[in-house]
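A.B. asks: 3D, please:
(2 chains)
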Amino acid sequence: MRPRTIHHVAVHVFKESVRDRVLYSVVLFAALLMTSAFLIAQLTAGQDLKIIKDIGLTAISVFGLFIAIFIGVALVSKEVEKRSIYALLAKPVRRQELIAGKFAGLALTLAVNVAIMSAVFFVVLAYYHWIEPENFKRVWEAPAVDPRLLIPIFLIYLQLLIVTAIALFFSTFASPLLAAAFTLGLWVAGHFSADLKALDEVVEAPVASALGTVLYYVLPNLSAFDVKALVVHGRPVAAGLVAINALYAAAFIGVLLIGATLIFARRDFK
Amino acid sequence: MVIRTDALTKDFTAGFWRPRPYRALDALTFDVKPGEIFGLLGPNGAGKSTTLKLLLQLLFPSSGRAEILGRPAGDVDARRRLGYLPEHPYFYEYLTAEELLEYFGRLFGLDPAARRARASALLDEVGIGAERRLPLRKFSKGMLQRVGLAQAMLNEPELLILDEPMSGLDPIGRRDVRTLIMRLHGEGRTILFSSHILSDAETLCSRVAILAKGRLAAAGPMRELLSEHVRGWEILVRGLDDAGRGVLAAQGLSAVPVPDGVWQILLPATARPEPVIASLASAGASLVSAEPQLETLEDMFVRRIASAAGGRIGEAN
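C.D. replies: Numbers count the residues shown, from 1 in each chain, chains lettered A, B, ... in the order given. Below is the predicted model:
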C-alpha cells in the first residue's frame, strides 16, 4: 500500500463530502439542538447544566452517527452504482488503497464535523457560564466549560470510526439501503452487547448463554465508549479506560477494513 | 503484443432464488499489435464491454488469461501506461472537470504544474471551454463523454482502451473523436475501441474482431475480412452496340448505360467475368474495368452475426 495514493483518495473523499449539502444540514441541526438544550434547561430546576451537557454530547453522537452511516455506506456503493469506479480502478490505484483512502477521508470528514459540533457545544456552555449567577455555580458538580468533556467527545469519535468501518465493510458487497440497515442494526446491538455476556444470569439454556457469549465477542462493544454520565456528574474517567477503548477501536476497525479489502479485492464490477 | 488474450472466458449467474450460469464471454483469443487501431465490434450484449473490463480487471475471468502491455491484466504498472474511457462515463458530480483531472493526475503521480498544464490542454482539445469550472452534475451526456476522453489521455498513455467512444455524441462530436483517434494513432499510440457503429470502425480500424453472443465470430485485417466474400462483379465497357447487348442477353445478362458512353454490366458472384469479357470483346466493345464487388463492413457484420446465431439475425440482437 502506498501512503501517497491513500492520501489522494482521502482528500478526494473529504472534498466530495464537504460539498454535500446533507452534511451542512446535519451539522446545522445539531447546532440548533444544542442551542435549544439551553432553552430546555431553563424549564428544569437545578439540573439545567447536566441537561445541556447531556443533550450536547448526545447530539454530537447521534448526528455524527448520521454522517458516519449515510456517507459511509455511500463511499463505495455510490461509486459502483454510478459507475465512477470504472475510470478510477483503471488508474494506478490498488483496491486496498482505495478502501484505506475512503476510510481515512471519512475519518477526516467526521473529525472536522465533530470539531465543529464540539465548538458550538462549548460556545453554548460558555454562554451559560456567563449568564448564570455565582451562587448557582457553587452547586455545580463540574464547571460549565469543562475540558474533561473532551474525553467523551474523543470516545464518541472513536465510536463513530467503528461505525464508519462497519458501514464501509457492508458497502463493499451490499446495496446502500441494506448496508445502512445492517450498520444501524449493529450500532443498536453494540450498545447492548455487554448485556449478552451476562445472559447466563437470566437464561438457563446453555446454548442461549453460549450464543450470547459468542455474540458479545463478535459484536462491537459500543457501550464501553459511553462515559457521558461520569463526566456530566464531574466524576473522573480513568486514563486506562480511554487507552483500552482506543486500542479496542483500532483492532476492531483493523479487522473490518481487512475484511472489506478481502471482499472488495475479488469483486466484479459488471 | 500490446494486448493478448488466451481463451478468456467469463461466466455470470442470473437469478436470485435459482441462480443459473450465463456465459458472457466464451474462450476469446485475440491480440492487438503495437501502434494499431483495433476495433472490437458486435451487437449489444455480444461481450465487448465484458472483454474490456476483463482486460482492466474490473472483472475477473472464470478461466483463460489476459495480458496487457506485457503484464497480467490488472497490473498497477500497466495501468500507469494506459488510458480507459468507460461506456457512458460518469464522474463525481460535485467536482468540476478541472478538479476531476487534477484528482486523476495526482493518482498518476504528475507534479502540480504538469497536472494543471495537461488538464488545461486536454480540456481545450476535447472542446470543454468555460464549462470546465462547473460541477460535472451540470454536464450533458456528450460533455461527460468529452471529459471521459480527456481523463483517458491524461497520462499520455501508450494504449487507449475506449468503450463506445462515439456514444452520446452529436455528428460533430463524432467527427472530432475520429480526428482525435487518428491523431493519437499518428503519435504511435495503440488504440482498442469497442463499437456497434460500423461506419466508425470502417473509417478507423486496421484490424477488427467481431463478437456475437460472447464468441469470436471473425477477426483479422479489415481489408482481408471484406475481400473474402465477393458479392459479384462490375464490368464497365465502352462501345457496346445492339449486337453486344444481344450477346449479353444470350447469357442472361443486361447492360445499363452510365455517363460518358460507358455501360455497366453486373455479374452475380456465381459467374466468372472472363467469358463475358471475351464475348463482349468479340462483339466490338472495349473493356474499361472489371472489379469484384466486395461486401461492406455492414454486410459482413450481418452475415457473421447471423451465422453465429444459426441464421437467425434477430436472435443475435
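A.B. asks: Against chain B, how distant is A:Ala100?
C.D. replies: With distances taken as Cβ to the nearest Cβ, to the nearest Å, A:Ala100 is found 14 Å from chain B. Any C-beta I mention is one placed from the backbone N, CA and C, and that applies to glycine too.
A.B. asks: So what's the residue count around that residue?
C.D. replies: As a burial measure, the neighbour count of A:Ala100 was computed by other Cβ atoms under 10 Å in any protein chain shown and equals 22.
A.B. asks: host element of the nearest residue to it once chain neighbours are set aside?
C.D. replies: Excluding the flanking residues, the one nearest A:Ala100 by Cβ to Cβ, 6 or more residues apart in numbering or on different chains is A:Ile6, at 4.8 Å. In this structure, A:Ile6 is located in helix A:3-18 according to DSSP states H and E.
A.B. asks: contacts for that helix?
C.D. replies: Counting by Cβ atoms under 8 Å, 6 or more residues apart in numbering or on different chains, helix A:3-18 makes contact with A:23, A:71, A:75, A:92-94, A:97-98, A:100-102, A:104-106, A:108-109, A:112, B:92, B:94-95, B:99, B:103, B:106-107, B:109, all of which sit outside it.
A.B. asks: Let me see the mean pLDDT of that helix.
C.D. replies: Here helix A:3-18 scores 91 as its mean pLDDT.
A.B. asks: So which residues on the stretch 51-200 of chain B come close to chain A?
C.D. replies: Contact residues (Cβ under 8 Å from any Cβ of the partner chain) of the stretch 51-200 of chain B with chain A: B:53, B:56-60, B:76-77, B:79-80, B:82-86, B:88-92, B:94-95, B:99, B:103-104, B:106-109, B:148, B:151-152, B:161.
A.B. asks: Please pick the buried ones from those residues.
C.D. replies: The neighbour-count criterion (16 or more other Cβ atoms under 10 Å in any protein chain shown) marks B:53, B:56-59, B:79-80, B:82-86, B:89-92, B:94-95, B:99, B:103-104, B:106-108, B:148, B:151-152, B:161 among these as buried.
A.B. asks: residues in contact with the closest residue to chain A within the stretch 201-317 of chain B?
C.D. replies: Closest residue of the stretch 201-317 of chain B to chain A, Cβ to the nearest Cβ: B:Gly214 (14.0 Å). B:Gly214 makes contact with B:Lys10, B:Arg23, B:Ala24, B:Leu25, B:Asp26, B:Leu28, B:Ala46, B:Gly47, B:Thr50 under the criterion Cβ under 8 Å, 6+ apart.
A.B. asks: wouldn't the third one be in contact with B:Lys48 here?
C.D. replies: No - under the criterion of Cβ atoms under 8 Å, B:Ala24 makes no contact with B:Lys48, lying 10.3 Å away.
A.B. asks: And these two? Which one has more around it.
C.D. replies: Each of B:Ala24 and B:Lys48 has its neighbours counted (other Cβ under 10 Å); B:Lys48 has more, 26 against 21.
A.B. asks: Low-confidence stretches in the stretch 101-250 of chain B?
C.D. replies: When the per-residue scores of the stretch 101-250 of chain B are filtered using pLDDT under 70, the ranges that remain are B:227-228.
A.B. asks: the strands in it, which residues?
C.D. replies: Across the stretch 101-250 of chain B, reading from the start of the chain, the strands by DSSP state E, counting those that start in this stretch fall at B:159-163, B:190-195, B:207-212, B:215-221, B:230-238.
A.B. asks: Quick one: distance of the first one to the chain centre.
C.D. replies: Read it as strand B:159-163. A distance of 11 Å separates the C-alpha centroid of strand B:159-163 from that of its chain, computed with Cα atoms, centre = their mean, to the nearest Å.
A.B. asks: which secondary structure elements does it contact?
C.D. replies: Helices and strands in packing contact with strand B:159-163 are listed as helix B:48-55, strand B:82-85, helix B:141-152, strand B:190-195; criterion 3 or more Cβ pairs under 8 Å, 6 or more residues apart in numbering or on different chains; DSSP states H and E.
A.B. asks: Could you identify the helix or strand that succeeds the first one?
C.D. replies: Heading C-terminal from helix B:48-55, the first helix or strand you meet, by DSSP H and E, is strand B:63-68.
A.B. asks: and whatever helix or strand B:Gly39 lives in, which strands flank it?
C.D. replies: In this structure, B:Gly39 sits in strand B:37-41 according to DSSP H and E. When sheet partners are counted by DSSP bridges, strand B:37-41 sits next to strand B:190-195 (parallel), strand B:207-212 (parallel).
A.B. asks: Phi and psi next, for the closest residue to B:Gly148 other than its chain neighbours.
C.D. replies: Sequence neighbours aside, B:Pro89 is the residue nearest to B:Gly148 in space, at 3.4 Å (criterion: Cβ to Cβ, 6+ apart). Taking degrees, to the nearest 10, you get phi -60, psi 150 for the backbone angles of B:Pro89.
A.B. asks: and B:Pro89, what does it touch?
C.D. replies: Contacts for B:Pro89 (Cβ under 8 Å, 6+ apart) come out as A:Arg83, A:Tyr86, A:Ala87, B:Leu144, B:Gln145, B:Val147, B:Gly148.
A.B. asks: what sits against the closest residue to chain A within the stretch 151-300 of chain B?
C.D. replies: Residue nearest to chain A within the stretch 151-300 of chain B (Cβ to the nearest Cβ): B:Gln151, separated by 6.1 Å. By Cβ under 8 Å, 6+ apart, the contact set of B:Gln151 is A:Ala87, B:Gly83, B:Leu85, B:Phe91, B:Leu100, B:Leu101, B:Phe104.
A.B. asks: so how many other residues sit close to A:Glu81?
C.D. replies: When counting by other Cβ under 10 Å, one arrives at 13 neighbours for A:Glu81.
A.B. asks: Look up how far chain B lies from it.
C.D. replies: A:Glu81 sits 10 Å away from chain B, taking Cβ to the nearest Cβ as the criterion.
A.B. asks: For that residue, give me its contacts.
C.D. replies: Applying Cβ under 8 Å, 6+ apart, one finds that A:Glu81 lies in contact with A:Pro176.
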